[in-house]
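K.L.:
Next input, structure requested:
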Amino acid sequence: MADPRINLKNRYLAAALAFLIPGAGHAYQGRYIKALIYSASILGLFAWGMSLGDWKVIYFRWHPKEKTIGYLSQVLTGLPALPALVQSNRYSKIADEGNRGPVSDDFPIDAPFRGFAKQESASDNWEGPVVGRIKLNLEDGQFGREVRGEFRGRLEAGDRRDVDLTLAGPIELAPRMLASGNIASQLDAKNRGKEFSSSERRVSCRVVEPKGGFDSPSGQLEGTIPRSFFDWYQVPLEDDAVQELNRRLGRRYEIALLFTWVAGLLNLLAIWDALEGPAYGYGDEVDQPEPDSQPTNKPDAASLPAVVGASVVAAKTN
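P.N.:
From the prediction side, this is the model:
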């Protein structure tokens, strides 16, 4: 039962606000110290867990063979964990290779690029890691719509020089939204193995040299471009991605999960406090009886002279 000595205002609204943003319900009720304590402790613990797990420890999957039971605790943190529900719905629609939508949705591309390039032509022959900017778009060509673009950047090994490459299809492009993020290098496999990064998108295309109106293949470009934040944050992780995170982070990943679970459970207590008020300390104290005291017979003011006089006579008689 809510304590009548505390103004909870609309306590159901306060509980809803406490769920959405830890501490918001108490701020609405004017209980600012508690609002600060709940907000700092719960959101701080949540952010700490997320950072320990590379911001990939919260996601939602609910299939017959795989259920993220821990999310039922994480979601109690409110808004910080709710994007997982949206991402789960988006991911379920585009996870299958045949349901990615039209290819044109991926273009144009204008993004930072990091990877490996190989140039093999009569006038220029080199290979090595490169970093720069890639631009790709769909253009009308002799054989219909085709991918064309350019890369401008710098060779990061050997003579370390600026490079300017003309690009054309065929192109390999990872889906815009993906959680497994396994990036396997083909050009530089001897130096870089399979990596996991759901925030990066693998791209591979051909380097060409225009000759007589045709594109002559002269090399290959392979690497990664960034995914947008909304296309990787709290997206459901595939099994291989979870295994990779456990291998790379070790116990950090388990601690990260624990922190986010505890944050949700703590906010459950905050929600109840906003709904019902403090559990102890107000209105539940047991009244203690006052200790018995013996009455003292004190002479009133009217009889005080008589008492004093009797005392004087008794002293003279003695």
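K.L.:
mind listing what residue 60 touches?
P.N.:
By C-beta atoms under 8 Å, 6 or more residues apart in numbering, residue 60 lies in contact with 68, 71, 75, 84-85, 87-88, 234, 236. Backbone N, C-alpha and C define where each C-beta goes, glycine included.
K.L.:
do residue 164 as well
P.N.:
Residues near residue 164 by C-beta under 8 Å, 6+ apart: 150-152.
K.L.:
Kindly give a single PyMOL line that selects the buried subset of the contacts of residue 60.
P.N.:
Listed next is the PyMOL selection for buried residues among the contacts of residue 60, using 16 or more other C-beta atoms under 10 Å:
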select buried, resi 68+71+75+84+87+88+234+236
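K.L.:
List the ones among the contacts of residue 60 that fall in helices.
P.N.:
Per DSSP state H, helices hold the following members of the contacts of residue 60: 71, 84-85, 87-88.
K.L.:
of the residues you listed, closest to residue 117?
P.N.:
Closest approach between these and residue 117, by C-beta to C-beta: residue 87, at 33.2 Å.
K.L.:
quick one: strands adjacent to the longest strand anywhere in the chain?
P.N.:
In terms of residue count, the longest strand belonging to the chain (DSSP state E) is strand 125-141. Here strand 125-141 is paired, per DSSP bridges, with strand 109-120 (antiparallel), strand 144-155 (antiparallel).
K.L.:
So which of the ones you listed is nearest residue 30?
P.N.:
Nearest of the strands paired with strand 125-141 to residue 30, taken as C-beta to C-beta: strand 109-120 at 48.0 Å.
K.L.:
In JSON lines, list the strands paired with strand 125-141 along with distance to residue 39 and mean neighbour count.
P.N.:
Formatted as JSON lines, these follow (distance: least, C-beta to C-beta, whole Å; neighbours: other C-beta atoms under 10 Å):
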{"stretch": "strand 109-120", "distance to residue 39": "35", "mean neighbour count": "18"}
{"stretch": "strand 144-155", "distance to residue 39": "44", "mean neighbour count": "17"}
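K.L.:
looking at those, which one has the lowest mean pLDDT?
P.N.:
Looking over the strands paired with strand 125-141, mean pLDDT reaches its minimum on strand 144-155, with a mean of 89.
K.L.:
quick check: angle from the next helix or strand after that strand to strand 109-120?
P.N.:
Sequence order places strand 162-173 as the next helix or strand after strand 144-155, per DSSP states H and E. Angle, strand 162-173 to strand 109-120, by axes from the mean of the first three to the mean of the last three C-alpha atoms, to 10 degrees: 110 degrees.
K.L.:
For the next helix or strand along the chain from strand 162-173, name the packing helices and strands.
P.N.:
Downstream of strand 162-173, the first helix or strand assigned by DSSP H and E is strand 182-183. The elements that strand 182-183 packs onto, with contact taken as 3 or more C-beta pairs under 8 Å, 6 or more residues apart in numbering; DSSP states H and E, are strand 195-196, helix 239-249.
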